[in-house]
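Student: The following block contains a protein sequence and its predicted model.
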Amino acid sequence: MLKSKIFRRVNDDVLIIDDDIVLVKNCYLLYIQSLDSLVLSDLHLGYESVSAKNGVFLPKLNFKFIIEQIENFSNKIGKDKIKNVIVLGDIKNEFDEVDQAEIDELFDFVYHLRNNIFSKSLNIYLVKGNHDNYVDGYAISLNVKVLKQELLLGRYLMFHGEDLPDKKNLDKADFLIMAHEHPAIVLFTEIGERVKAKCFLFGYFPKKLIVLPAISYYAQGTDINLLPKEELLSPYLRIINLDELIPIVVENEILIFPQIKYLRN
Amino acid sequence: MFYYPLKPFTKEESLSCLNKYVRDWFENNFKELTPPQYYSFKLISEKKNVLITAPTGSGKTLSGFLSIISYLFDLSTKGQLKDEVYCIYVSPLKALNNDIKKNLEIPLQEIYEKIKKDFPEAKPIRIAVRTGDVAPHEKQKQLREPPHLLITTPESLAIMLNSPKFSEKLKSIEYLIIDEIHELANNKRGVHLTLSVERLVELANKEFVRIGLGATLHPLEEAAKFLVGLKDNGEFRDCYIVDVSWEKGYDLKVLSPVDDHIYTHEEKVEEETYKLLNRIIKKNKTTLIFTNTRSGTERVVFNLKKRFGYTDDDIAAHHGSISREVRLEVEERLKRGELKAIVCSTSLELGIDIGYISTVVQLGSPKSITRAIQRIGRSGHRFGDVSVGRIIVMNRDDLVECSVMLYYAKKRLLDSFNVPRNCLDILAQHTVGMAINKKWNVDEAFKVIRRAYPYKDLPKESFIKVLKYLAGHYVELKDRKVYGKIWYDESDQMFGRRGKYIRTIYMLNIGTIPDEVAIDVFLLPEKKWIGNIEEEFLMRLKKGDVFVLGGKTYMFSYAKNMRCYVERVENLAPTIPPWFSEMLPLNFDLAMRIGELRRKVFERLRNGEDFKDLINELPADSKSKKAMYRYFIEQYMYSKVIPNDKLLLIEKTQDFEGRKLLIFHSLVGRRTNDALSRILAILIVRKYEKDVAIMISDNGFVLSLPVEIYNKLDEKSISDIINEACNENVEELLKNHLRYTEIMKRKFRHNSTRSFLVLRNYKGYKISVNKQQLNSQTILEALEKIDPNFPIIEETLREIMEDVMDVPKAKEILKRIKSGEIKYIIKEFPIPSPFSHTMLVFGEADIVMMKERRKKLKELHEAIMKKLNIKEEDLIRFVEFAQK
């Protein structure tokens, strides 16, 4: 069993990174112990409604899927440990307008967190993503703190990822947490079968970095080990050495893969 | 009741049914009646349902229309011809519609001129085409002045049924003609049409005369059932069946380009094939050449031009990927006799009048006796001419196959087709159509649906499932106003339309022809758009794979947001085989006949007797006969067995790459082998917990096994597996396996579009934003989570099991094996026997997999770590080191 400062397996279901960041199997979110905070991103609430507006009529699975993960995660590590929930962008789905179903799910989400899982005093932060236009208008009624670009808390700088973070904040921070890219690795079996799995990406140079997978049910992820660098969405990932990042898959069990450079063929 | 008139009526009996002026016109223009006309004039004038199958050039159009025209002119002279639609003519091809209209306008005009002299008050008969191509002002005109004869397509008919104003004009219908019925009865487009027809009966509130026209088909009764449907008491409506397909003579022969198909170099075979083709083209006025694939068509035209100097002036290609304007032009030039040769994939199977064809050449096997006749029947246009057909074969299995095919064709013994049954996606579409027009009681609607032959045995629960899906029951109440296309009241058992957009959705998304090519391909570095490929093809591509598109080779670089990015490469061989779904499957009946010939040959060889006579009676040239003879001898000498319809040879062997193979010589056609191979593979995978690769072809299938399993499979183990297969519930077995296959995703996507789960066209926009993030797999998995028996999933499984594969026949074969009617023999060889070679080279490959996803991920992880020779701890050390 791995027992070091960088990676420590508490048991089969839990992995702690850098002595502070907790991952739980089958959960696409993380917990920062020193900040009592759950961090998740790319929820795409209202996804099915927006799809239906575009003529694709999907069953409603996303909301339940996300809530279940949050519940399972918090049960695993102890609900009372969680004082803050930080959403790193794309809490909703539509780009240029707001769909009623998105708002409904947004309210349901916040309500659910504060009444069914955590306590009413839970702090909720939203770092705006490219899909989160118009959310500011609901910030007060939702009692959610909306941040325009990024959130600097202690040694952590958390940002959505569609833009480069502020240089000053970048210098102050020791550990970056971002989203937006929806990483997934694609592997091929001996007989050529294609297997794709969503993953976290962990890096350590030039700064420690974790890229969150999308927690949304319908986000299958971008092929991070197959796409050429120029095609990546996040400018920050384009400037660092992506090949050195380590993918961590949490589906069914927590698997730490070798760096992306070894997964390119 | 179905009636088969034994002899035709006399000329006098036939012509006396016609109105005097019509009769005069006919006698002035034609010396004789054609064979179908000797039946149809009288039968149709007596308002009987008739199915007429006849080859091209047999005056089918007039045989269908003339009695109707006569009836209408009778009304006209009596001043009783109303401004109503009396006859609807439906054909699957728009080009044919225009031809029909043109061909009838002249007689209508001429006859009317004569009538007018004696009956100045008489009104002319109006004929018009109404399809998507017709201009709006023209359609408006039709509303004001409905045509008496309305010409249309299946899709447009469905649209008309839902046009509030125009549908009123259809209520007067008294005759329905369905042309090219052989192109409709065996697929979903035809199924869609049968529901339209029953809805038409409901609309008109009366029965009308049904006339079916087409090329030869078998069994005819099946086509008749398709045409007439059922009455509410469960009996079929009456129909007269007239088959005059054989009045024409057929001159049929199989040709081999070379003596030796095996050792002659590929290039030489190709060269000789083209030389042979060229000789035929030179000898004939106009030659129609069928390849089986679009890429094949392009290649042949290219080669004929390059090798023999033909130009665009004398030869042309014709297939679905060519633009409509170009196709029409080619058809026109053919009609005018300007082309020496036209090369096509399948499109000219359809019955447009293309002028005189002296010979039909088929490159490679058409895979069915009936199809061969349908195609060859295009030649010798004028009635009385002999239809000349030649098949040029490319390999030895083709050779035997086509020789047997033409042998039976000459004997007029065709192979059969199936009407797809209980298609829930088509049902969903029409249910929406029905709901748009009025509120229905469930039982009432169910009754209408069951009158259509494909739905005669539809279980009520299936219909209810479709209703619930359409009403959006798979989401909560509050979401149903967006999801629901209809409302469905379970307690009242009523349903009706929902939402103000539903009519628009229906009109814009109607149809059965799937959007085959969904993925755009872009050339790097400019990202220039170069064409389309299918979603499933994209899923198979790995970086570095080379494939052909539009005649050029490209290397796959990456995919993003459902778009494919490639680089141009020259001189690299494609690593992805051609798209196999383009290849037609061998008909089961024909496969059995080939098996029968093999059995006879085997019996002779076993008794030490010669079998030359069996080969000599086949319609093939001498090169072919020699090659076939040698082929059988080779197989016998190598293995002492000729596998046949009563003896299954199972070979344990390996290929030149050392892969261990279990080869089953089951000559039953690809569809049945698709099912059989999977059943056995699943059982092996279940038992030994390792993945198995399969290769499927018409003559048999191959299981490619890991060494450990191969070594464990002795005769007893193989027999055990076969016994297991014979006693297993194969439907359940296959369904569970199919859910994770490529074909499932592909067919699911088509069905989800047909059932309006995924719209092609919604509020004016083509689906883009969300589709970019989603693929069929995701939608399929999401639906399975909420209901594994969701109607669209159920339909996809049904379609794969019944229409793509042939599970019923596979069960039949297993039954015969169990009863001992088919015996099997297991032999081990160092290298594969001659009969396996084509299977190994051209077989369609797939993988039958055991491992659940979780095991796969784990194994992949282990394999990678092992390959790099590191453990998890090493990764940490690397990180810690890098930090310093």
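Tutor: Everything's here; your move. Keep in mind the model is a prediction, meaning the values are calculated, not measured.
Student: can I assume B:Leu705 is in contact with B:Leu661?
Tutor: Yes - with contact defined as Cβ atoms under 8 Å, B:Leu705 reaches B:Leu661; the gap is 7.4 Å. Glycine gets a C-beta too; all of them are placed from N, C-alpha and C.
Student: In terms of neighbours, single out the busier of the two.
Tutor: B:Leu705 (25 against 21; other Cβ atoms under 10 Å in any protein chain shown).
Student: Kindly provide the distance from the more buried one to B:Ser677.
Tutor: 13 Å (Cβ to Cβ, to the nearest Å).
Student: Check A:Val85 too.
Tutor: In terms of Cβ to Cβ, A:Val85 sits 52 Å off from B:Ser677.
Student: Which of these two has more residues huddled nearby?
Tutor: B:Ser677 (28 against 24).
Student: The more buried one sits in which helix or strand?
Tutor: Taking DSSP states H and E as the definition, B:Ser677 sits inside helix B:670-688.
Student: What is the helix or strand following that helix packed up against?
Tutor: Going down the chain from helix B:670-688, the next helix or strand is strand B:692-697, by DSSP H and E. Contact partners of strand B:692-697 among helices and strands, from 3 or more Cβ pairs under 8 Å, 6 or more residues apart in numbering or on different chains; DSSP states H and E: helix B:670-688, strand B:700-705, helix B:837-842, strand B:844-848.
Student: Give me the neighbour count for residue 12.
Tutor: Since no chain was named, I'll use chain A. 10.
Student: oops, chain B please
Tutor: With other Cβ under 10 Å as criterion, B:Glu12 counts 8.
Student: In three-state terms, label it for me.
Tutor: helix (DSSP: H, G, I helix; E, B strand; the rest coil).
Student: pretty sure B:Val692 is touching B:Asp846, no?
Tutor: No - using Cβ under 8 Å, B:Val692 is not in contact with B:Asp846, being 9.8 Å away.
Student: When those two are compared, which one has more neighbours?
Tutor: Set B:Val692 next to B:Asp846 and count neighbours by other Cβ under 10 Å: B:Val692 wins out with 25 against 20.
Student: How much space separates the nearest residue to that one once chain neighbours are set aside from chain A?
Tutor: Excluding the flanking residues, the one nearest B:Val692 by Cβ to Cβ, 6 or more residues apart in numbering or on different chains is B:Ala681, at 4.5 Å. The gap separating B:Ala681 from chain A is 12 Å, by Cβ to the nearest Cβ, to the nearest Å.
Student: hmm, who's touching the longest helix anywhere in chain B?
Tutor: Ranked by residue count under DSSP state H, the longest helix found in chain B is helix B:94-118. Helix B:94-118 has contacts (Cβ atoms under 8 Å, 6 or more residues apart in numbering or on different chains) with B:21-22, B:24-25, B:29, B:61, B:65, B:69, B:73, B:76-77, B:89, B:91, B:122, B:124-125, B:127-129, B:131, B:133, B:149, B:151-153, B:179-180, B:327-328, B:331, B:350-353.
Student: Next step: those restricted to helices.
Tutor: Reading helices off the contacts of helix B:94-118 with DSSP H, I get B:21-22, B:24-25, B:29, B:61, B:65, B:69, B:73, B:76-77, B:327-328, B:331.
Student: Next to chain B, which bits of the stretch 101-250 of chain A? Give me the list.
Tutor: Within the stretch 101-250 of chain A, the positions lying close to chain B (Cβ under 8 Å from any Cβ of the partner chain) are A:101, A:187-189, A:191-195, A:197, A:204-205, A:217-220, A:222-223, A:226-228, A:231, A:244, A:246, A:249.
Student: Just the buried ones from those, in ChimeraX syntax?
Tutor: Command for ChimeraX that selects the buried part of those, burial taken from 16 or more other Cβ atoms under 10 Å in any protein chain shown:
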select /A:101,187,189,193,197,204,217,218,219,220,222,223,226,227,244,246,249
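Student: Which ones among the residues of the stretch 101-250 of chain A next to chain B map onto helices?
Tutor: A:Ala101.
Student: Tabulate the helices and strands packed on strand B:692-697 (CSV), appending mean pLDDT.
Tutor: Formatted as CSV, the helices and strands packed on strand B:692-697 follow (pLDDT from 0 to 100):
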stretch, mean pLDDT
helix B:670-688, 94
strand B:700-705, 94
helix B:837-842, 84
strand B:844-848, 75
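Student: Which among the ones you listed is found nearest to A:Leu151?
Tutor: With Cβ to Cβ, the closest approach to A:Leu151 among those belongs to strand B:844-848: 46.7 Å.
Student: coming back round to it: export the helices and strands packed on strand B:692-697 as CSV, with columns for distance to B:Phe208.
Tutor: Shown next, in CSV, are the helices and strands packed on strand B:692-697 (distance: least, Cβ to Cβ, whole Å):
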stretch, distance to B:Phe208
helix B:670-688, 36
strand B:700-705, 48
helix B:837-842, 48
strand B:844-848, 45
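Student: Next, count neighbours for the residue of the stretch 301-450 of chain B found nearest chain A.
Tutor: Across the stretch 301-450 of chain B, the shortest distance to chain A (Cβ to the nearest Cβ) belongs to B:Ala428, at 11.9 Å. Neighbours of B:Ala428 under the rule other Cβ under 10 Å: 25.
Student: check contacts around it.
Tutor: B:466, B:469-470, B:754-756, B:791-792.
Student: would CSV of these with distance to B:Tyr638 and secondary structure be doable?
Tutor: Listed next are the contacts of B:Ala428 as CSV, based on distance: Cβ to Cβ, whole Å; DSSP: H, G, I helix; E, B strand; the rest coil:
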residue, distance to B:Tyr638, secondary structure
B:Val466, 54, helix
B:Tyr469, 55, helix
B:Leu470, 59, helix
B:Arg754, 49, helix
B:Ser755, 51, coil
B:Phe756, 56, coil
B:Pro791, 51, helix
B:Ile792, 49, helix
